[in-house]
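1. Return atomic coordinates for the entry below.
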Amino acid sequence: MIEVSNLTKRFADVTAVNDISFTVQPGKVTGFLGPNGAGKTTTMRAIAGLDRPSAGTATVNGKRLADHRAPLHEIGLLLNAGHVHPGRSAKNHLLALAATHGIGRTRVREVIELTGLESVANKRAGTFSLGMGQRLGIAGALLGDPATLVMDEPINGLDPDGVLWVRQLLRELAAGGRTVFLSSHLMSEMAMSADHLIVIGRGQLIADSPIAEVLAGEDKSRVLVRTNDAARLTAALAAPSVTVTTVAHDELEIIGIDAGTIARVAADAGVLLHELSTHTASLEDAYMSLTRSSVEFTSGAAVR
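-> Now for the predicted structure:
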C-alpha cells in the first residue's frame, strides 16, 4: 500500500506538489494522470525516496522507503528505464541488483524469462532499443518480488505485443493482491488497464475515484449527424434541453437528445441524413474536462 499524506515539495520558489493526500490500495491497478508539469514525477520520486518532501509524508507498506531494510522486496520501481550502465549486459545488470539484496541467480533467470529477455540477456544494455530497455527496467522492478509496484510510462517504446503483455502483467499482479501504481499519457491504454484514477494538476489533487465514477462525471453522450440540410434540421430540433453545434457545413454535433429521436424529427421534417452516430464520453474526454484549468502549456490553432 502507498499512503501520501499532506505531501508538499518545493524547489526554490516553485511549489511542484502542494499538500496532496491519497492512498493507493492493493488489489487494483491505480492510474496516475495529470498534464505536463502537474507534479506526477515529483510525487513518484517522493514515494520512491528520491526526493525529500518539504512537508508531509509518502510511505510504502507503512514506512518511508528509506526505513525498509530490503527496499527491493517492498517496492518495484520503473521511473527511468535508461538508468542502466550501457556497457553492462542485461543479465549482469540484474545480477548486480540482486546482489544488493541477497537475491539468487534463479530469480534473475525467472525475471529474464518473464520479460522476454532470454535472447538478449548477454547483450550490452547500451545496444538495446527503447522497448527492450523498458523490458529490462520492468525486470529490475520485479526482481525482489515486491508487494508494491510504481511505474512511470511502462509501455513507452513497446510494440503492440509488448503493450498487451504489460497490460496483462499489471492486471495479474493486482489480482494477486499487489499494489500497482502507474502513470501514462495514453488515455486509451489507461482506460483498459486501470481500476482507479488519481488525477493531479498544478501540484494539487483533482480526482481520486474509481474509473467508472470519473467516466460517469462526463455522462453526456453526443450524436454526430451529417446532412446537406443542416440548417433545417437545427431548426426542427430547437428545444431548451438540446444543444446543436455546427462542426462543418454538413455536420452537426447534438447533445441532449438520442439518435432515435433525431431520426424521427429528421423524417418528419423531410431531412435526409447521411450519417447518424452516437459517441459516449471517453476517458480522454473526462480527463480533458477535469484538467482543463490545470494545463500549464496549451497549443494554438492547428496548422493547416
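2. quick one: what helix or strand has residue 30 in it?
-> strand 28-33 (DSSP states H and E).
3. residues contacting the residue most central in space within the chain?
-> Most central in the chain under C-alpha atoms, centre = their mean is residue 184, positioned 3.2 Å from the mean C-alpha point. When contacts are counted by C-beta atoms under 8 Å, 6 or more residues apart in numbering, residue 184 touches 31, 33, 153, 154, 155, 190, 193. For glycine as for every other residue, the C-beta is placed from the backbone atoms N, C-alpha and C.
4. again, only using 7 Å
-> Applying C-beta atoms under 7 Å, 6 or more residues apart in numbering to residue 184 gives the contacts 31, 153, 155, 190.
5. what's the answer for residue 38, then?
-> Residues near residue 38 by C-beta under 7 Å, 6+ apart: 200, 201, 202, 203, 294.
6. Kindly indicate whether it is helix, strand or coil.
-> Three-state assignment for residue 38 (DSSP: H, G, I helix; E, B strand; the rest coil): coil.
7. measure it to residue 254 for me?
-> Distance, residue 38 to residue 254, by C-beta to C-beta, to the nearest Å: 33 Å.
8. before we move on, what about residue 247?
-> From residue 247 across to residue 254, the span is 10 Å (C-beta to C-beta).
9. what's the answer for residue 83, then?
-> Residue 83 is 51 Å from residue 254, by C-beta to C-beta.
10. what sits up against the strand holding residue 30?
-> So strand 28-33 is contacted by 24, 40, 170-171, 174, 180-184, 190, 193-199, 287 (C-beta under 7 Å, 6+ apart).
11. following that strand, which helix or strand comes up?
-> Per DSSP H and E, the first helix or strand lying C-terminal to strand 28-33 is helix 40-47.
12. Please put the alpha-carbon coordinates of the helix or strand just after that next one into CSV.
-> Using DSSP H and E, the helix or strand that follows helix 40-47 in sequence is strand 55-60. Coordinates of each C-alpha in strand 55-60 appear next as CSV, following Å, rounded to 0.1, in the frame of the first residue of the first chain:
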residue,chain,number,x,y,z
ALA,A,55,6.2,18.8,4.2
GLY,A,56,4.0,15.7,4.7
THR,A,57,4.9,12.1,4.1
ALA,A,58,4.9,9.4,1.5
THR,A,59,5.1,5.8,2.8
VAL,A,60,5.2,2.3,1.3
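13. list the helices and strands strand 55-60 packs on?
-> Packing partners of strand 55-60 (3 or more C-beta pairs under 7 Å, 6 or more residues apart in numbering; DSSP states H and E): strand 2-11, helix 40-47.
14. so of these, which one's packed in deepest?
-> helix 40-47 (a mean of 24; mean count of other C-beta atoms under 10 Å).
15. tell me the mean pLDDT over that helix?
-> Averaging pLDDT along helix 40-47 yields 95.
16. tell me the angle of that helix relative to strand 28-33?
-> 130 degrees (axes from the mean of the first three to the mean of the last three C-alpha atoms, to 10 degrees).
17. Check what contacts helix 40-47 and list those residues.
-> Contact with helix 40-47 is made by 2, 4, 7, 9, 16-17, 32, 34, 51, 53, 58, 60, 79, 150, 152, 183, 200, as judged by C-beta under 7 Å, 6+ apart.
18. Now which of those would you call buried?
-> Neighbour counting with 16 or more other C-beta atoms under 10 Å marks 2, 4, 7, 9, 16-17, 32, 34, 51, 53, 58, 60, 79, 150, 152, 183, 200 as buried within the contacts of helix 40-47.
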